[in-house]
Structures are given as C-alpha cells and as structure tokens.
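In: I need the structure of the sequence given here:
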Amino acid sequence: MTTFAFDDRVSLVTGAGSGIGRAMAFAFAKAGARVVVCDVDRERAEPTASGIGDAAIVAAADISDEASVGALVETAISAYGRIDVLCNNAGIMDTMALPADIPVGLWERVLRVNLTGTFLVTHAVLPHMLREGRGAIVNTASEAGIRGGTAGAAYTASKHGVVGLTRSVAWAYAKDGIRCNAILPGPTLTGIASAESVGSFDPTGAARLAPVLARGERMAQPEQMADAALFLASDAASFVNGAIMPVDGGWSAA
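Out: Predicted structure coming up:
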C-alpha cells in the first residue's frame with residue numbers, strides 16, 4: 001500500500017514563515033521529512049523551524065534574487081545532501097488594481113516574486129533532482145491562475161504564469177523521474193493580503209472584484225492546502241504530473 005511517508009526525504013518550503021508555507025513545513029515534518037524552512041524574513045521562519053525541532057533548518061532568502069536563491073539551495077544541500085521535495089509557496093499580493101491603473105513598478109515587483117521567483121528556485125533545485133533521478137515540485141498558484149477576476153492584473157498574470165511554468169516543467173522532466181504539480185488555493189486564512197501585501201487595495205479594482213470574491217466566501221485553513229501539497233508530493237501521487245489542482249471547496253466548479 002502506498003503511503004504518505006517522507007522518511008529520509010528532504011523538503012524545501014519557501015514562504016514557510018507563515019500561512020500555507022508554515023502549514024506545509026509542519027505537514028512534511030510530521031510525515032517524516034527533514035525540512036528547509038525558507039522565508040525572506042528569518043525572524044518569521046525561526047518559530048516554524050523551532051516548532052519542528054531537530055528535523056528543520058532555517059534559510060532566509062529573497063526568491064526574487066538569483067544570488068540569494070543560489071545561497072538558499074547551497075545551504076539545503078550542505079545540510080542534507082539533496083532536495084527531494086520543493087514547495088514553491090512564497091508570493092506577494094497586488095493591490096487589486098485593474099490593468100489601466102496598476103503602476104509599472106508594482107507589476108514588475110509582483111511578477112518578479114511570484115513568477116520569476118518560482119522559476120529561480122526551480123531552476124536552482126532541478127540539477128540536484130536530476131542528479132538523484134527523482135523529485136517532486138509543488139507550486140502554489142491560485143484561483144487567480146485560472147480566472148481573470150479574483151485579483152488585480154499583476155497577481156492574476158503572475159499566477160497564470162505559475163500554472164504555465166508548472167506544466168512546462170512537468171512535460172520537460174517526466175522521463176527523468178521529476179514531477180511538477182500545482183495547487184490553486186481558494187480563499188484561505190493567511191496573511192498574504194495584509195502583512196505580505198505590497199500596498200493597500202485599489203478601491204476601484206476591489207469593488208469590481210467583490211462580487212466574484214464573494215462566491216468563494218468559505219474560508220479554508222492553511223492546513224487544508226498543506227494536505228493537498230503533501231499528497232501531490234507523495235508516492236501516492238506517483239503518476240500525477242502536470243496537474244493543476246483547485247483546493248477551493250468547489251468554487252471553481254461553479
């Protein structure tokens with residue numbers, strides 16, 4: 001019987017200082033993995049690692065910076081020798097601004113973190129997974145990755161890009177024993193729209209998006225997202241590759 005055990009495996013989780021990333025780190029540790037707890041803010045990552053104990057290390061990194069990502073992966077490899085699971089979870093919200101209203105600087109910042117950051121970490125981890133001949137990547141996309149009206153232009157474009165990147169990686173490395181899937185969280189109780197937001201919400205965009213967002217009024221716990229990621233990274237999902245999985249309580253089915 002296939003299990004969800006991750007004994008003797010190493011999981012790298014970005015954005016693990018809070019919300020979904022924190023829940024992922026705990027879920028993988030509970031399943032037996034050693035966990036690299038990554039966050040841009042070391043002070044946020046440390047309580048997650050402390051809560052896990054000896055099976056975790058902290059690695060602060062800005063995923064939008066290539067050098068910082070390189071140092072992150074070097075830390076993980078130096079500590080554990082390999083990376084079996086990568087959870088690309090770190091991301092930032094936009095201000096809900098509509099396309100005509102979003103500042104170019106904000107567009108570039110959101111795309112740099114959410115999409116380029118996901119690429120940079122994947123790009124740095126893939127050679128190590130290829131060396132081992134196996135690996136599982138789980139990207140945190142969003143309902144905004146399959147819809148046009150659940151966030152502002154920058155966030156929506158970035159998460160559509162994450163969906164495309166997920167499928168590209170899955171296709172490119174399927175024969176190398178590497179799987180890449182994505183979860184699409186619906187409304188979830190995290191801090192992304194407050195502490196991690198890049199600014200206050202644009203009133204015009206927020207008002208325009210409100211009716212669509214109201215349809216997803218059920219709020220999930222971060223642990224429910226972590227459970228989905230745990231499944232996709234596990235041997236129980238060994239033939240699941242390139243899947244874009246809504247985890248939204250049925251919102252996308254409406």
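In: what about the spatially closest residue to residue 205 that is not a sequence neighbour, how many residues close to it?
Out: Leaving aside its sequence neighbours, residue 205 sits nearest to residue 96 (CB to CB, 6 or more residues apart in numbering; 3.8 Å). Backbone N, C-alpha and C define where each C-beta goes, glycine included. For residue 96, the count of nearby residues is 29 (other CB atoms under 10 Å).
In: so residue 96 touches residue 200, yeah?
Out: No. Residue 96 lies out of contact with residue 200 (CB atoms under 8 Å); the separation is 9.4 Å.
In: Over to the residue nearest to residue 205. Which of the three states is it?
Out: Per DSSP: H, G, I helix; E, B strand; the rest coil, the secondary structure class of residue 96 is coil.
In: what sits against it?
Out: Contacts of residue 96 were listed using CB atoms under 8 Å, 6 or more residues apart in numbering, and they are 151-152, 201-202, 205-206, 209.
In: State the pLDDT value of residue 3.
Out: Looking at residue 3, its pLDDT reads 68.
In: The one 10 residues further on too?
Out: Note on residue 13: pLDDT of 98.
In: distance of it from residue 230?
Out: Distance, residue 13 to residue 230, by CB to CB, to the nearest Å: 11 Å.
In: again, but for residue 161
Out: Applying CB to CB to residue 161 and residue 230 gives a distance of 24 Å.
In: Which one of the two is surrounded by more residues?
Out: residue 230 (25 against 18).
In: pretty sure that one is in a helix, no?
Out: Yes. Applying three-state DSSP, one finds residue 230 inside a helix.
In: Which of the contacts of residue 96 sits closest to residue 237?
Out: Comparing those against residue 237 with CB to CB places residue 151 closest, at 27.3 Å.
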